[in-house]
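>>> Pasting the sequence and the predicted model now:
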Amino acid sequence: MISVNHDERAQQQFVLALNQYVQGTLAEGSRRICEQRVQPELEIGTLRTNADRQRLRQRMEQEELHRFWLNLMQTWQDQLWTCVGECVDRQLGDLTAQCLPRNNDLGSLTLNPKLELPAYQAAVDNHSLPGGYHTEVCADDVRQGAIYAQSANVYLLGRTGVRHDYRGQTLMAHVLERFPDREPAKLLDLGCLVGASTFAYGEQFPQAEIHAVDTSAPALRFAHGQAEARGLRVHFAQQDAEHLDYADQSFDWVVSHALLHETSRAAVQQIFRECFRVLKPGGIMAHIEIPARTEIMSCWEYLRSSYEAFYNQEPFWNGLTEIDLAGLAREAGFADAAQGFQQTTADGRAGKPGFINIADGKMDLSNWFVMSARRPVS
């Protein structure tokens, strides 16, 4: 739905080239300093304690090249938001008009202007996106959703699929492999944002009733417009995943895609309780998350991951990488809880079965960390 002219494409390609330099060449220099100078000095081999992690991070921040890397990590991302924002602003009126609900829509859009944002969203601009996911600048605004969608197009370079639905396809493959007899007639996607992962379910389960919620009205408006343009029947609603408006035992599957790291530990526990409540007996809860786990990180990988938590307005990033999600699911009453790294797939019905060895998990998009569990029948 977003058009990009010659100059805008050139700007976006420049930002992408800067990103590749910063996360490639420049990061390699910082990694060498960490491994060859700072780790021997601090006598840290593995990050067994939080005290070691903080000592490492604070010592590395005394290194000029590492500070330069941190600075440019923010610079390239700020430039991305700026140039994509200008691209979206040029056509914001047209985008808004395209996304307006119509009488003959396949799906629906239900907004709640009185919804109170959770503190962990109101306090930060996630991913340093100016205005976060929720700021509105005009009536029926889609700006923040459109900026997020186009930035993903630029940054991800097709690594999550042409439609950026690999997270949905990968989680679907995981669930179908674990629970092959539980295809959903009714599914709920939590924290759907612009719907990229949601659409995977709409395409793979065309007869299913698909619902998706998020707290961001601009993102939901854009998601609804995209769903209608693709001929997908999705019912979008502005809701908080901790306090859903759906009745008890309403859904066969409840899923999320990179939502949990933007919440808090208490929120994850409450979200799991809500999942249990709205699932039918035998229903499936499944979540896909950032491919990072503290227990297998090297010192440099921890520093790279910590950038998100300390500098990129993702305060729960580190916290989630240490949580036993399967354990929290069992505490919420679920059975058959399991978690691990799942290889990325473009086809939710043809993914590689089973978890890979956790030691082989990588902090890149070749795999994701997933957890699934089942609500007991009785």
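Here it is on my side, so go on.

>>> Where do the helices of the stretch 101-250 of the chain begin and end?
Counting by DSSP state H, counting those that start in this stretch, the stretch 101-250 of the chain has helices at residues 119-122, 143-156, 166-178, 196-204, 217-229.

>>> Would you single out the least confident of those helices?
Lowest mean pLDDT within these: helix 143-156, a mean of 90.

>>> Show residues contacting it.
Helix 143-156 is contacted from outside by 1-2, 4, 12, 15-16, 19, 80-81, 84-85, 87-89, 92, 95, 129, 131-137, 160, 164, 193-194, 196, 216, 218-223, 226, 365, using C-beta atoms under 8 Å, 6 or more residues apart in numbering. (Glycine included, C-beta is placed from N, CA and C.)

>>> quick one, it and helix 166-178 angle?
In terms of direction (axes from the mean of the first three to the mean of the last three C-alpha atoms, to 10 degrees), helix 143-156 departs from helix 166-178 by 80 degrees.

>>> what residue lies at the spatial centre of this protein?
For the chain, the residue nearest the mean C-alpha position is residue 258 (2.8 Å; C-alpha atoms, centre = their mean).

>>> Would you quantify the distance from that residue to residue 49?
Distance, residue 258 to residue 49, by C-beta to C-beta, to the nearest Å: 28 Å.

>>> before we move on, back to that, next one: phi and psi at the residue nearest to the centre of the chain?
Torsion angles at residue 258 (phi, psi; degrees, to the nearest 10) stand at phi 60, psi 30.

>>> Return the per-residue confidence for it.
95.

>>> For residue 353, see how far away it is.
23 Å.

>>> what's the answer for residue 137, then?
With C-beta to C-beta as the criterion, residue 137 and residue 353 are 46 Å apart.

>>> swap in residue 100?
With C-beta to C-beta as the criterion, residue 100 and residue 353 are 43 Å apart.

>>> Looking only at neighbour counts, state which of the two leads.
residue 100 (14 against 11; other C-beta atoms under 10 Å).

>>> Quick one, grab the pLDDT at the closest residue to the more buried one other than its chain neighbours.
Sequence neighbours aside, residue 140 is the residue nearest to residue 100 in space, at 6.1 Å (criterion: C-beta to C-beta, 6 or more residues apart in numbering). We have a pLDDT of 97 for residue 140.

>>> Surely residue 140 touches residue 221?
Yes. If you go by C-beta atoms under 8 Å, residue 140 and residue 221 touch, sitting 6.4 Å apart.

>>> Now for the two: what residues contact both?
96, 99.

>>> So which residue of this structure lies furthest out from the middle?
Most remote from the centre of the chain, using C-alpha atoms, centre = their mean: residue 41, at 36.3 Å.

>>> which element is residue 280 on?
Counting by DSSP states H and E, the element that carries residue 280 is strand 279-289.

>>> and that strand, how far from the chain's centre?
Here the centre of mass of C-alpha atoms in strand 279-289, compared against the chain's by C-alpha atoms, centre = their mean, to the nearest Å, lies 17 Å away.

>>> Provide the contact partners of the helix or strand following it at residue level.
Next in sequence after strand 279-289, counting helices and strands by DSSP H and E, comes helix 299-311. The contact list for helix 299-311 (C-beta under 8 Å, 6+ apart) reads 27, 30-31, 34-35, 39, 44, 46-47, 53, 56-57, 60, 66, 70, 73-74, 292, 294, 297, 314-319, 321, 363.

>>> Filter those down to the buried ones.
Neighbour counting with 16 or more other C-beta atoms under 10 Å marks 27, 30-31, 34, 39, 44, 47, 53, 56-57, 60, 66, 70, 73, 292, 294, 297, 314-319, 321, 363 as buried within the contacts of helix 299-311.

>>> Show me the strands in the protein, by range?
Shown for the chain, the strands assigned by DSSP state E span residues 108-110, 186-190, 209-214, 234-238, 251-257, 279-289, 335-343, 367-374.

>>> PyMOL command to pick out the buried ones of the contacts of helix 143-156?
To isolate the buried subset of the contacts of helix 143-156 in PyMOL, counting by 16+ other C-beta under 10 Å, use the following:
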select buried, resi 2+4+12+15+19+80+81+84+85+87+88+92+95+129+132+133+134+136+160+164+193+194+196+216+218+219+220+221+222+223+226+365
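
>>> Bridging across strands, which residues link to residue 287?
Counting by DSSP bridges, residue 287 forms beta bridges with residue 256, residue 371.

>>> quick one: contacts for it?
So residue 287 contacts 171, 255-257, 259-260, 325, 370-372 (C-beta under 8 Å, 6+ apart).

>>> same deal with residue 212?
Here residue 212 is in contact with 188-189, 192, 195, 198, 223, 234-237 (C-beta under 8 Å, 6+ apart).

>>> which residues of this protein score low on pLDDT?
Low-confidence segments of the chain (pLDDT under 70): 157-162.

>>> Would you mind pulling up the elements that the longest helix anywhere in it packs against?
In the chain, with assignment by DSSP state H, the single longest helix is helix 64-90. Judged by 3 or more C-beta pairs under 8 Å, 6 or more residues apart in numbering; DSSP states H and E, helix 64-90 is in contact with helix 6-21, helix 27-33, helix 143-156, helix 299-311.

>>> Packed most tightly, which of the ones you listed would that be?
helix 143-156 (a mean of 22; mean count of other C-beta atoms under 10 Å).

>>> could you give the angle of that helix to strand 209-214?
100 degrees.
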